[in-house]
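*Asks:* missing the sequence, but the structure's below:
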């Protein structure tokens, strides 16, 4: 069963120029099993690794 349709794509916008994220702790769980401190941090990871990590849920994994 493909559960990827239940996952949410992070709202990264145009982050190609600015990789600075706010320091607020609002964790999200990626479909790679990693808990990111916030959605922006997940976006930065996506940019650096050229991966399509999606948000499984709000909060830690």
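*Replies:* Cool, got the structure. Bear in mind the structure is a predicted one, so any value in this text is a computation, not a measurement. Numbers count the residues shown, from 1 in each chain.
*Asks:* give me the neighbour count for residue 53.
*Replies:* 20 (other CB atoms under 10 Å). (Glycine included, C-beta is placed from N, CA and C.)
*Asks:* what's the helix or strand for it?
*Replies:* Using DSSP states H and E, residue 53 falls within no helix or strand.
*Asks:* residues contacting it?
*Replies:* 10, 30-32, 34, 42, 45-46 (CB atoms under 8 Å, 6 or more residues apart in numbering).
*Asks:* 6 Å - rerun?
*Replies:* Contacts for residue 53 (CB atoms under 6 Å, 6 or more residues apart in numbering) come out as 30, 32, 46.
*Asks:* residue 25 now?
*Replies:* Contacts of residue 25 by CB under 6 Å, 6+ apart are residue 37.
*Asks:* reduced to three states, what does residue 57 come out as?
*Replies:* strand (DSSP: H, G, I helix; E, B strand; the rest coil).
*Asks:* the closest residue to it other than its chain neighbours sits in which helix or strand?
*Replies:* With CB to CB, 6 or more residues apart in numbering as the criterion, residue 57 has its nearest non-adjacent residue at 5.0 Å, and that residue is residue 29. In this structure, residue 29 is located in strand 28-30 according to DSSP H and E.
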